[in-house]
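>>> quick one: sequence plus predicted model below, questions after.
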Amino acid sequence: MDTNKIFENEKDLTTFEKLLKAVADYTDAYPATGLDQMFTNMLNNKTKIMPKDKNAIAILDYVGCMKTTPAGVVQQLLNLRFGDLPMEIRPVYDLAGKKTTAYWRRGNKVYDKVVSLLDFAQEGDVKGFVDDKGEKVEIIDIAKE
């Protein structure tokens, strides 16, 4: 039995629950903001909206664990860019000896916001972290460097 896989699944679920709670609290406190559709998608699709990439999960976990109000968590989820993340969880890759922030690719679109990690529309076709041209890159673990 692969205990790493069990741990990853538990972390996925815990992260999803934190984000779901923040979005639920936000939609209760601020109705008619348009986020009720996001909440409905989260309820309907559950953890299927979560990425499979461990670096992406770490980023979502960071946002879900912020010591702030639900509105603050939702604001960070919707507006935080990868380049604004703390260096220890920022998705970076090596580009000719320089650490460069990666993007997230889903289908033919390239994104730089944290919210793009969640697959609300159930599009699938995730390419993961990519460079500015949309080519897959290997994320560097800054903690190990």
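Done, it's in.
>>> so T14 sits in a strand?
No. Under the criterion used here (DSSP: H, G, I helix; E, B strand; the rest coil), T14 is helix, not part of a strand.
>>> who touches it in this structure?
D61 (CB atoms under 8 Å, 6 or more residues apart in numbering). In short, each C-beta sits where N, CA and C put it, glycine included.
>>> please apply the same query to M87.
Residues near M87 by CB under 8 Å, 6+ apart: I142.
>>> three-state assignment of V110?
Counting by three-state DSSP, the backbone at V110 sits in strand.
>>> so where do the strands sit in this structure?
For the chain, applying DSSP state E gives strands covering 92-95, 98-101, 103-106, 109-111, 126-130.
>>> packing partners of the third one?
Counting contacts by 3 or more CB pairs under 8 Å, 6 or more residues apart in numbering; DSSP states H and E, strand 103-106 packs against strand 109-111, strand 126-130.
>>> and among those strands, the most buried is which?
strand 126-130 (a mean of 19; mean count of other CB atoms under 10 Å).
>>> wait, which of the strands of the chain is closest to G64?
G64 sits nearest to strand 103-106 of all these, at 17.1 Å, using CB to CB.
>>> then the closest one to CSV, C-alphas only?
C-alpha atoms of strand 103-106 as CSV (Å, rounded to 0.1, in the frame of the first residue of the first chain):
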residue,chain,number,x,y,z
TYR,A,103,2.3,29.5,-15.5
TRP,A,104,-0.5,27.0,-15.4
ARG,A,105,-1.9,25.6,-18.6
ARG,A,106,-5.3,24.1,-19.2
